[in-house]
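Enquirer: 3D, please:
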Amino acid sequence: MTAMQVWEGAKDDLASAAAIEESAFGDRSWGAASFEKTASSPGVRLLLAGRSRAAAQGFALWLLAGEDADLLSIGVAPEVRRQGVGRLLLDALEIAALEQRARRLLLDVADDNRAALALYRACGFYEISRRAAYYRNGADALILEKPLNETS
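Expert: Numbers count the residues shown, from 1 in each chain. This next block holds a predicted model:
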């Protein structure tokens, strides 16, 4: 079986990434139009993962803001969850952010998203803040940080 790889997404990858986002998040999805608009915004970058460029199975949207790399969204197709795709994307994001001289990664995650929290904590993220009842379902948003350096 071909190993998973990560590549930087381009404009013609947006529909594929939006489809992954919808399948990954269901009723919590941004929706294709909103996803594609955000992904096309100035400074937003897209990473994709899959066994081939023709079959992406995960994505990460991020933005460099000064010395911060802000993970806007990350998603993995349900059929390949728990196979290391999310971790692969986070590792690639860290490398890309370091190349852009970012000093830390930031993200927010729903406090009831146990799988995502476990992944983020295993990757070295820790909570720095909380937004009460931030999500539509009433869940709090946890703001997580991971300091970056050449040896992280």
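Enquirer: where exactly do the strands run in this protein?
Expert: For the chain, strands defined by DSSP state E occupy the ranges 5-8, 44-50, 56-65, 68-76, 104-110, 126-131, 141-147.
Enquirer: let's have the ones you listed in a markdown table, adding distance to E36, mean pLDDT and mean neighbour count.
Expert: (Each C-beta comes from the backbone N, C-alpha and C, glycine too.) Output for the strands of the chain, formatted as a markdown table (distance: least, C-beta to C-beta, whole Å; pLDDT from 0 to 100; neighbours: other C-beta atoms under 10 Å):
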| stretch | distance to E36 | mean pLDDT | mean neighbour count |
| --- | --- | --- | --- |
| strand 5-8 | 17 | 95 | 15 |
| strand 44-50 | 10 | 96 | 21 |
| strand 56-65 | 11 | 95 | 22 |
| strand 68-76 | 12 | 96 | 22 |
| strand 104-110 | 21 | 96 | 20 |
| strand 126-131 | 26 | 97 | 12 |
| strand 141-147 | 23 | 97 | 18 |
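Enquirer: any chance of those in TSV, plus distance to A19?
Expert: Formatted as TSV, the strands of the chain follow (distance: least, C-beta to C-beta, whole Å):
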stretch	distance to A19
strand 5-8	17
strand 44-50	12
strand 56-65	9
strand 68-76	10
strand 104-110	22
strand 126-131	28
strand 141-147	25
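Enquirer: out of those, the one nearest I95 is which?
Expert: Across these, I95 has its closest neighbour in strand 5-8 (9.1 Å, C-beta to C-beta).
Enquirer: now do that closest one: everything it contacts.
Expert: Under the contact criterion C-beta atoms under 8 Å, 6 or more residues apart in numbering, strand 5-8 has outside partners 45-53, 88-89, 92, 96.
Enquirer: just those now: which is nearest R121?
Expert: Out of the contacts of strand 5-8, the member with the shortest distance to R121 (by C-beta to C-beta) is L89, at 16.1 Å.
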